[in-house]
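Student: Prediction below, plus the sequence it came from.
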Amino acid sequence: MTNVRTVLSMRTRKGCEQRFEDEWLSAAEQIRGLDGCLRQDLLRDADDPRSYLIISDWADRERLDAFGQSEQRDRLMRVVRELRESAQRQTYHVLHSVGTEEAAK
């Protein structure tokens, strides 16, 4: 089995940025306890405060897909979906990760 990483690019509706961040964090706190979820990050574009990336690492594609098709996902992400203007998701197999000693501290 290979770890997988999803990259979800989202743009919020104007004026919804803070609520989007709050709702994402609330959902992420619950998702992190799910079997197979390894890490989640929310990144905001440095030049466009309405554009975000959600990066999520999972132990394998099977557990990611099971979550992606679950009622729990629909419930947790409902408000986030309502606050977005657009979204695009891609899934990648993680082949290699190279970090620095500083990052490991």
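Tutor: Received the coordinates, thanks. Numbering: from 1, shown residues only.
Student: Name the single longest helix found in the protein.
Tutor: helix 17-31 (DSSP state H).
Student: helices and strands around that one, which ones?
Tutor: strand 37-44, strand 51-58, helix 71-83 (3 or more Cβ pairs under 8 Å, 6 or more residues apart in numbering; DSSP states H and E). To be clear about C-beta, it is placed using only N, CA and C from the backbone, and glycine gets the same treatment.
Student: same thing but 7 Å
Tutor: strand 37-44, helix 71-83 (3 or more Cβ pairs under 7 Å, 6 or more residues apart in numbering; DSSP states H and E).
Student: how about low-confidence regions in this protein?
Tutor: Within the chain, the segments meeting pLDDT under 70 span 1-2, 102-105.
Student: related to what we said a few turns ago, any chance of the helices and strands packed on helix 17-31 in a markdown table, with mean neighbour count and distance to Leu25 too?
Tutor: Output for those, formatted as a markdown table (neighbours: other Cβ atoms under 10 Å; distance: least, Cβ to Cβ, whole Å):
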| stretch | mean neighbour count | distance to Leu25 |
| --- | --- | --- |
| strand 37-44 | 14 | 7 |
| helix 71-83 | 14 | 10 |
